[in-house]
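**Q** What shape does this take:
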Amino acid sequence: MFINRETELSSLNQKWQNQKTNFFIIYGRRRVGKTELIKQFLMNKPGLYFLTDRLPERENLRSLSRIVRDTFEDEFLGDFTDWDTFFRYLKRRIQEKTVLIIDEFPYLVETNPALSSVFQRGWDEYLKDTPIFLILCGSSMAMMYRETLAYKAPLFGRRTGQLLIKPMKFQVYRQFFPGLDFETILAFFSITGGIPAYARQMDAQLSIEENIVRNVLDPACYLYQEVNFLLKEEVREPRIYFSILKSIALGKRKFGEIVNETGVKKTSLHKYLFTLEELNFIEKEYPVTERNVVKSRRGLYRLTDNFFRFWFNFVFAFHSELELGNIRPSQAKIDQMFVHLVAATYEEVACEFIKEYQSNLFNFFRMGRWWDRQHEIDLLAFDESNENILFAEVKWSAKPVGTNIFFALREKAEYVDWPYKKAHYALFSRSGFTTEMQQLAQQEQVWLFHHDHLMEWKGCG
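**A** Next up is the predicted model:
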């Protein structure tokens, strides 16, 4: 089942229609859906797809030769002995628009560090004037950037486009679970994040608890060692990166706190944090009203990946017990703390929900969290002219949200130092709203969201 990626697929198809020759770079973290995207693009087009492997270069060339023989029905073609021979063959053979996909390009570079220069020469001398659509795809984001996108990369300046494939947003993710209720899908999203391969591990016929036990906590299951595998794929010192991610997952979000927790020297920590940001495993978050983040000291690090949060809190923390088949300690913590993880996820996806309705209010120029030393607002958005500002509170509580939450939000809004002229308010709730709050919302024109649905009242929109 191919879900979403309409924007990325449309971009590729437009290039296919409008340009004779293309050289595209597609990259993104492992399991995010890159291969499925490029296979969808290849569908009903002349071309070939080659998935490289961690084999000697000669073996990869032999496998590629077999695919080329089958694709072009050339039974007399022998095995390519080098890449130049392959490029010369393509130049001679390709007469019409043809797609050539090299998937997991970094595997080739591992066996031959000079391969990017070889591909540069192949493009410049043989392929750039042919009707080819070349796609180099890879999961090692650091290597893809270094070998294809960086200014000093041999292939720099050759590409006609690039796509960074990101995890799916919640509103798209829910298409994996048609028919399930909002709370169950949000719980799944809190475990897997927007990674399609992880979502497919969840069984809609089982409860959340059963899915966690069968598909995450079992040492034999696919997701149990996933974080370890990802780090070993991406970085040279996985132990250090692992300790940094663990400290952030457990609430050490300030630079100094991470130094104290990990023991990594301050002079070295910046490099590791920057790499993790480049890999989109973490981000540094600032209050949304911060005017100069470069000089700001109010930044807090956070994990951007829901699965990483879940894994460090409920799998890694009980690794020894789980290896012995004892899931009870992990289950006890899940029973106690998982609801807080879902609540944090609900705060993040609330941004998606409210964006769908911004035409009813004003166009948001910037959106995010806000905090000072004593106060915190879950969601704050404002327009470019500073005419309007929106304050929102997100509650994942078993009780309906009452007027006290609105009054507390309005009071906290007074501490926000921003030159807006008109304030607007929104409340998000898991369990709906009290009658008093609904009545007050009509008077004050407060947006009320139950789950992701905007409740209607006279005066709204």
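
**Q** what bits of this protein have low per-residue confidence?
**A** Under the criterion pLDDT under 70, the flagged ranges of the chain are 1, 456-461.

**Q** Just give me the longest helix of it.
**A** Ranked by number of residues, the top helix in the chain under DSSP state H is helix 328-355.

**Q** I'd like the distance from it to the chain centre, please.
**A** What separates the centre of helix 328-355 from the centre of its chain is 17 Å, taken as Cα atoms, centre = their mean, to the nearest Å.

**Q** Buried residues, that helix. List them.
**A** Neighbour counts over helix 328-355 (16 or more other Cβ atoms under 10 Å) mark 330-331, 334, 338-339, 341-351, 353-354 as buried. Bear in mind the C-beta positions are built from the backbone N, C-alpha and C, glycine included.

**Q** Name the next helix or strand downstream of that helix, please.
**A** strand 366-371 (DSSP states H and E).

**Q** outside of that following strand, which residues touch it?
**A** Surrounding strand 366-371, the residues in contact under the criterion Cβ atoms under 8 Å, 6 or more residues apart in numbering are 285-289, 298, 347, 351, 354-355, 376-382, 416.

**Q** picking that back up, between the longest helix of the chain and strand 366-371, how big is the angle?
**A** 130 degrees (axes from the mean of the first three to the mean of the last three Cα atoms, to 10 degrees).

**Q** where exactly do the strands run in the stretch 51-200 of the chain?
**A** Listed in chain order, the strands of the stretch 51-200 of the chain (DSSP state E, counting those that start in this stretch) span 98-103, 132-138, 161-164.

**Q** Among those strands, show me which one is buried the most.
**A** Of all those, strand 132-138 has the most neighbours on average by mean count of other Cβ atoms under 10 Å, namely a mean of 25.

**Q** how much space between the residue of the chain positioned farthest from its centre and residue 100?
**A** Relative to the average C-alpha location in the chain, and by Cα atoms, centre = their mean, no residue lies farther out than residue 76, which sits at 45.0 Å. Separation of residue 76 from residue 100 (Cβ to Cβ, to the nearest Å): 21 Å.

**Q** How about residue 197?
**A** From residue 197 over to residue 100 the distance is 25 Å, taken as Cβ to Cβ.

**Q** and what of residue 231?
**A** For residue 231, the distance to residue 100 equals 31 Å [Cβ to Cβ].

**Q** again, but for residue 18
**A** In this structure, residue 18 and residue 100 are 18 Å apart, going by Cβ to Cβ.

**Q** now swap in residue 148 and tell me
**A** Separation of residue 148 from residue 100 (Cβ to Cβ): 15 Å.

**Q** which residues does the residue nearest the centre of the chain contact?
**A** Nearest residue to the geometric centre of the chain (Cα atoms, centre = their mean): residue 167, 3.1 Å. Taking Cβ under 8 Å, 6+ apart as the definition of contact, the neighbours of residue 167 are 29, 32, 193, 194, 195, 305.

**Q** Then residue 317?
**A** Shown here is residue 317, whose contacts under the criterion Cβ under 8 Å, 6+ apart are 330, 333.

**Q** gap between it and residue 259?
**A** Note on residue 317: its distance to residue 259, by Cβ to Cβ, is 22 Å.

**Q** swap in residue 163?
**A** Taking Cβ to Cβ, one finds residue 163 at 36 Å from residue 259.

**Q** Contact partners for residue 201?
**A** When the contact criterion is Cβ under 8 Å, 6+ apart, the partners of residue 201 are 192, 211, 215, 221, 222, 223.

**Q** Quick one: which of those is the most crowded by neighbours?
**A** Looking at the contacts of residue 201 with neighbours defined as other Cβ atoms under 10 Å, the largest count falls to residue 192 at 27 neighbours.

**Q** mind listing what it touches?
**A** In this structure, residue 192 makes contact with 198, 199, 201, 202, 306, 307, judged by Cβ under 8 Å, 6+ apart.

**Q** per-domain residue ranges of the protein.
**A** Segmentation of the chain into domains, based on automatic domain parsing, reads 6-164, 172-344, 356-454.

**Q** Test my guess that residue 42 contacts residue 99.
**A** Yes. Assessed by Cβ atoms under 8 Å, residue 42 is found in contact with residue 99 at 5.4 Å.

**Q** How much space separates the closest residue to residue 353 other than its chain neighbours from residue 424?
**A** Closest residue to residue 353 apart from its sequence neighbours, by Cβ to Cβ, 6 or more residues apart in numbering: residue 452 at 4.4 Å. Spatial separation of residue 452 from residue 424 under the definition Cβ to Cβ is 19 Å.

**Q** how close does the closest residue to residue 35 other than its chain neighbours sit to residue 65?
**A** The shortest distance from residue 35 to any residue other than its chain neighbours is 6.0 Å, reached at residue 103 (Cβ to Cβ, 6+ apart). As for residue 103, its distance to residue 65 is 17 Å (criterion: Cβ to Cβ).

**Q** I'd assumed residue 403 was in contact with residue 437.
**A** Yes. Shown here, residue 437 and residue 403 form a contact pair, counting by Cβ under 8 Å, at 5.1 Å.

**Q** how would you label the closest residue to residue 238 other than its chain neighbours: helix, strand or coil?
**A** Once flanking residues are discounted, residue 238 sits nearest to residue 231: 4.1 Å by Cβ to Cβ, 6+ apart. Three-state secondary structure (criterion: DSSP: H, G, I helix; E, B strand; the rest coil) places residue 231 in helix.

**Q** What is the burial count for residue 231?
**A** Per other Cβ under 10 Å, the neighbour tally for residue 231 reads 19.

**Q** what does the one 5 residues further on give?
**A** The number of residues packed near residue 236 is 9, by other Cβ under 10 Å.

**Q** check which helix or strand covers it.
**A** Judged by DSSP H and E, residue 236 forms part of no helix or strand.

**Q** now it: how far from residue 140?
**A** 12 Å.

**Q** so who does residue 176 touch?
**A** Contacts were defined as Cβ under 8 Å, 6+ apart; by that measure residue 176 touches 1, 3, 188, 196, 199, 200, 202.

**Q** Could you rerun that using 6 Å?
**A** Each residue near residue 176 by Cβ atoms under 6 Å, 6 or more residues apart in numbering is listed here: residue 199.

**Q** what comes into contact with stretch 119-137?
**A** Identification of contacts with stretch 119-137 by Cβ under 6 Å, 6+ apart yields 20, 22-26, 34, 38, 87-88, 91, 94, 97-103, 105, 154-155, 158.

**Q** can you give me how far stretch 389-408 is from the chain middle?
**A** Relative to where its chain is centred, stretch 389-408 has its mean C-alpha point 28 Å off (Cα atoms, centre = their mean).

**Q** Could you pull out the buried residues of it?
**A** When burial is assessed from 16+ other Cβ under 10 Å, stretch 389-408 yields the following buried residues: 389-396, 400-403, 405-406.

**Q** Put the alpha carbons of that stretch into CSV.
**A** Backbone C-alpha positions of stretch 389-408 (Å, rounded to 0.1, in the frame of the first residue of the first chain) are rendered in CSV as follows:
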residue,chain,number,x,y,z
ILE,A,389,-1.4,36.3,17.6
LEU,A,390,-2.9,33.0,18.6
PHE,A,391,-2.4,31.3,22.0
ALA,A,392,-3.3,27.6,22.3
GLU,A,393,-3.4,25.1,25.1
VAL,A,394,-3.4,21.3,24.4
LYS,A,395,-4.8,18.9,27.1
TRP,A,396,-4.7,15.1,26.9
SER,A,397,-6.8,14.6,30.0
ALA,A,398,-9.6,12.1,30.8
LYS,A,399,-11.7,15.1,32.0
PRO,A,400,-13.4,17.7,29.8
VAL,A,401,-11.5,21.0,29.6
GLY,A,402,-13.2,23.7,31.7
THR,A,403,-13.1,27.5,31.8
ASN,A,404,-10.2,27.4,34.3
ILE,A,405,-7.9,26.2,31.5
PHE,A,406,-8.9,29.1,29.3
PHE,A,407,-8.5,31.7,32.0
ALA,A,408,-5.0,30.3,32.9
